[in-house]
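Student: Model the following, please.
(one chain, ligands or ions: 1)
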Amino acid sequence: MDRSTSEQLYKKATTLMPGGVNSPVRAFKSVGGTPVFAKKGSGAILTDEDNNQYIDYCMSWGPLILGHAHPSIIEAVQDKIALGTSFGMPTTAENELSDLIISNHKYIEQIRFVSSGTEAVMSAVRLARGVTKKDKIIKFNGCYHGHVDALMVQGGSGLATFSEASSAGIPLDFVKNTLSIPLNDIEKLERAFTENKDQIACVIIEPIPANNGLLLQDKVFLETLRSLCDQHHVLLIFDEVISGFRIGFQGAAEHYTIKPDIITFGKVIGGGFPVGAYASSADIMNHISPLGAVYQAGTLSGNPIAMTAGLAQLSTCLQPDFYKNLEEKTQYLVEGVMHYVHQKNYPFYMYHIGSIFWTTFHVSNTVKKASDIKKESANYFSELHRFMLNNGVYLAPSGYEVGFVSAAHTKAQIQNTIDTYHKALDFIFQGG
Ligand SMILES: *Cc1c(COP(=O)(O)O)cnc(C)c1O
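Tutor: Presented below is the predicted three-dimensional model:
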């Protein structure tokens, strides 16, 4: 497969932008080779600048639950954009998207839109500290919450790949109130609460951790977390930037029937545009400016074009059986791959929940926290990634990243993907 145009473009890009990219994991550092330059997308198919086509499972890292260039989003945005791109004044689009979300989400009463998941998380943590008048926060190893200073402690995703505990440029003072503990470990969780009694403002968790592998938590762990927060008057933040509107419309909160105090959103919410949001009860949201003392603002927040794209996408997600169909399709993929894996006895496992999947080179399905993932798995993943890429399947370029099935993926495309996985695994374990 010829990717010489991508190679030339990337070479040029490296002279213009650090690492040639505007977000580090795009640089293919962990899998080797050159990033692929995207030219266009339609449905599940991505076309690169050399006109190669791929069945895409990265889907812009999660936002594109309807696939690329979904007609309902494109038409809505085209109509709206002719009326002006930004006003810095309230617009009907904000009312419509808020209303759609709130009236279909039983865990929230009010929402504030921002422009990224990072911004949503940063604001939610400030809100929690403002409401509780306490400073400490607890997070979990292997959960990623954007590049917020106070949360860059044992993050997942790019951080796991670059094997750095944190980032340069963050004063110790900014993280000294952050406690990062292992996932799925009730004992350590209880100890963190008792050792920091009356000092914890909030606990933030990806209830479905999907930035450092897919680390599905025991329900009892999440329930214990909820009750400890209640006991200690600590606010529970569900970071649903990935899981929100992805694992069902009401995300992980609905999946586990656990009511968090604050939820953060991103990715799917913007229909492929830069949107984030945080939401809670009216009581808690009343603490935000202009009503309350917690300041948070944004020039382009609630941008009408982005709101319109979000509205088109989320209305489609609300159609009957939308999530059921998506999950069935994902199950088909997983069963198709795993059936073969069992036949061949390959040390490989495919996790999934809803339309999120993750593959790992472990025999069993017992990976529940960051430290359960073996380093060798990442090496195998580079081979898998290269093989899939060269055979027309685009996976996110890191073994710690999950894959996303969209509503646009057809059964034929998924069957093709299953066959390609079989060939890739034969190649890896039998040398072709
Ligand atoms: C992607 C992600 C973020 C950061 O969102 P950005 O839009 O990239 O800033 C935060 N939390 C979780 C769980 C995410 O997956």
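Student: now that we're looking at the closest residue to E240 other than its chain neighbours, how far away is L189 from it?
Tutor: Residue nearest to E240 in three dimensions, not counting chain neighbours: G251, with 4.4 Å by C-beta to C-beta, 6 or more residues apart in numbering. For every residue, glycine as well, the C-beta is placed using N, CA and C. Going from G251 to L189 by C-beta to C-beta, to the nearest Å gives 22 Å.
Student: Among these two, which residue is more densely surrounded?
Tutor: Ranked by neighbour count (other C-beta atoms under 10 Å), G251 and L189 place G251 first, with 26 against 19.
Student: got a list of what that one touches?
Tutor: G251 is in contact with 207, 238, 240, 243-245, 263, counting by C-beta atoms under 8 Å, 6 or more residues apart in numbering.
Student: Inside strands: which ones of those?
Tutor: 238, 263 (DSSP state E).
Student: Narrow the contacts of G251 to those in helices?
Tutor: The members of those all map outside helices under DSSP state H.
Student: Which two of the contacts of G251 have the greatest separation?
Tutor: P207 and F245 (13.8 Å; C-beta to C-beta).
Student: Tell me which residue in the chain sits closest to the ligand.
Tutor: G117 (2.1 Å; C-beta to the nearest ligand atom).
Student: distance of the closest residue to that residue other than its chain neighbours from Q154?
Tutor: Spatial nearest neighbour of G117, chain neighbours left out: G266 (2.9 Å); criterion: C-beta to C-beta, 6+ apart. Distance, G266 to Q154, using C-beta to C-beta: 21 Å.
Student: Could you say which helix or strand holds L66?
Tutor: Using DSSP states H and E, L66 sits in no helix or strand.
Student: ditto for the one 10 residues further on
Tutor: Using DSSP H and E, A76 sits in helix 71-81.
Student: Same question for P209.
Tutor: Per DSSP H and E, there is no helix or strand for P209.
Student: how about the closest residue to it other than its chain neighbours, what does it touch?
Tutor: Leaving out its chain neighbours, the residue that sits closest to P209 by C-beta to C-beta, 6+ apart is L215, at 4.1 Å. Counting by C-beta under 8 Å, 6+ apart, L215 touches 142, 183-184, 209, 367-370, 372.
Student: 10 Å - rerun?
Tutor: Counting by C-beta atoms under 10 Å, 6 or more residues apart in numbering, L215 touches 140-143, 156, 183-184, 206, 208-209, 351, 358, 367-370, 372-373.
Student: Is it part of a helix or strand, or is it coil?
Tutor: coil (DSSP: H, G, I helix; E, B strand; the rest coil).
Student: Can you give me the pLDDT of it?
Tutor: We have a pLDDT of 96 for L215.
Student: Next: A160.
Tutor: pLDDT, A160: 43.
Student: Could you shift the numbering so residue one becomes 155, and keep it that way?
Tutor: Done: numbering now begins at 155, and the last item shifts to A314.
Student: Quick one: name the residues of this protein near the ligand.
Tutor: 270-272, 275, 298-300, 360, 365, 393, 395-396, 420, 430 (C-beta under 6 Å from any ligand atom).
Student: the helices in the chain, which residues?
Tutor: 158-170, 225-235, 246-257, 271-286, 312-315, 326-329, 340-349, 373-385, 405-410, 436-439, 458-471, 476-498, 530-544, 565-584.
Student: Tell me which residues of the second one come out buried.
Tutor: Going back to what we said before, that points to helix 225-235. Buried residues in helix 225-235, counting neighbours by 16 or more other C-beta atoms under 10 Å, are found at 227, 230-231, 234.
Student: ditto for the last one
Tutor: Of the residues in helix 565-584, those scored as buried under the neighbour-count criterion (16+ other C-beta under 10 Å) are 567-568, 571-572, 574-576, 578-579, 582-583.
Student: packing partners for that helix?
Tutor: Counting contacts by 3 or more C-beta pairs under 10 Å, 6 or more residues apart in numbering; DSSP states H and E, helix 565-584 packs against strand 207-210, helix 476-498, helix 530-544, strand 547-548.
Student: chain center to the second one: distance?
Tutor: Meaning helix 476-498. Centroid separation between helix 476-498 and its chain, computed with C-alpha atoms, centre = their mean, to the nearest Å, is 21 Å.
Student: what's it packed up against?
Tutor: helix 458-471, strand 503-507, strand 510-514, strand 557-558, helix 565-584.
Student: Among the ones you listed, which comes closest to H259?
Tutor: The nearest among the helices and strands packed on helix 476-498, by C-beta to C-beta, is helix 458-471 at 10.2 Å.
Student: what is the orientation angle of that closest one with helix 246-257?
Tutor: Interaxial angle of helix 458-471 relative to helix 246-257 (axes from the mean of the first three to the mean of the last three C-alpha atoms, to 10 degrees): 30 degrees.
Student: Just the CA trace of helix 458-471, in CSV.
Tutor: C-alpha atoms of helix 458-471 as CSV (Å, rounded to 0.1, in the frame of the first residue of the first chain):
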residue,chain,number,x,y,z
PRO,A,458,-24.1,27.5,17.2
ILE,A,459,-22.5,25.4,14.5
ALA,A,460,-21.1,22.9,17.0
MET,A,461,-24.4,22.8,18.9
THR,A,462,-26.3,22.1,15.6
ALA,A,463,-23.9,19.2,14.8
GLY,A,464,-24.4,17.8,18.4
LEU,A,465,-28.2,18.2,18.1
ALA,A,466,-28.3,16.3,14.7
GLN,A,467,-26.1,13.5,16.1
LEU,A,468,-27.8,13.1,19.5
SER,A,469,-31.3,13.2,17.9
THR,A,470,-30.2,10.3,15.7
CYS,A,471,-28.9,8.4,18.8
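Student: same for that helix, what does it pack against?
Tutor: Counting by 3+ C-beta pairs under 10 Å, 6+ apart, helix 458-471 packs on helix 225-235, helix 246-257, strand 264-268, helix 476-498.
Student: Turn the ones you listed into CSV, including mean pLDDT.
Tutor: Conversion of those to CSV gives the following (pLDDT from 0 to 100):
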stretch, mean pLDDT
helix 225-235, 98
helix 246-257, 98
strand 264-268, 98
helix 476-498, 98
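Student: want to throw the ones you listed into a markdown table with distance to E161?
Tutor: Shown next, in a markdown table, are those (distance: least, C-beta to C-beta, whole Å):
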| stretch | distance to E161 |
| --- | --- |
| helix 225-235 | 30 |
| helix 246-257 | 40 |
| strand 264-268 | 36 |
| helix 476-498 | 30 |
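Student: which one of these is the most hemmed in?
Tutor: Ranked by mean neighbour count under mean count of other C-beta atoms under 10 Å, those are led by strand 264-268, which reaches a mean of 22.
Student: Return the list of strands paired to it, each annotated with direction.
Tutor: Paired strands of strand 264-268, with direction, are strand 430-434 (antiparallel) (DSSP bridges).
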